[in-house]
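Chemist: Mind folding the following:
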Amino acid sequence: MPELLLAVTCFTCLKGFRRINEIIGLMERIAPTGLSSELTQLRAKPESFGLKTFFNTFI
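Modeler: Numbers count the residues shown, from 1 in each chain. The predicted structure is shown next:
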């Protein structure tokens, strides 16, 4: 069944992700110790599966 999305005000949506090295750099600055194990895992697998795993820790 199709769905319809209608904006009645201005909005911004997510269109993709930053490059993984940018994500790692930003996260190191805003949470240098709080996400150390997750960032280590993302550095070990810097591709789509690693990003999916990293992203899923937040949702």
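Chemist: Just give me the longest helix of the protein.
Modeler: When the chain is scanned for its longest helix (criterion: DSSP state H), the result is helix 20-30.
Chemist: buried stuff in the helix or strand following that helix?
Modeler: Proceeding C-terminally, helix 20-30 gives way to helix 36-44 as the next helix or strand, assigned by DSSP states H and E. Within helix 36-44, the residues that qualify as buried by neighbour count (16 or more other Cβ atoms under 10 Å) are Glu38, Leu39, Leu42. Heads up, the C-betas are built off the backbone N, CA and C, glycines and all.
Chemist: for helix 36-44, packing partners?
Modeler: Other helices and strands packing on helix 36-44, by 3 or more Cβ pairs under 8 Å, 6 or more residues apart in numbering; DSSP states H and E, are helix 20-30, helix 48-56.
Chemist: Looking at those, spot the one closest to Thr9.
Modeler: Set against Thr9 and scored by Cβ to Cβ, these come closest in helix 48-56, at 26.9 Å.
Chemist: can you give me the angle that closest one makes with helix 36-44?
Modeler: If you take axes from the mean of the first three to the mean of the last three Cα atoms, to 10 degrees, helix 48-56 sits at 160 degrees to helix 36-44.
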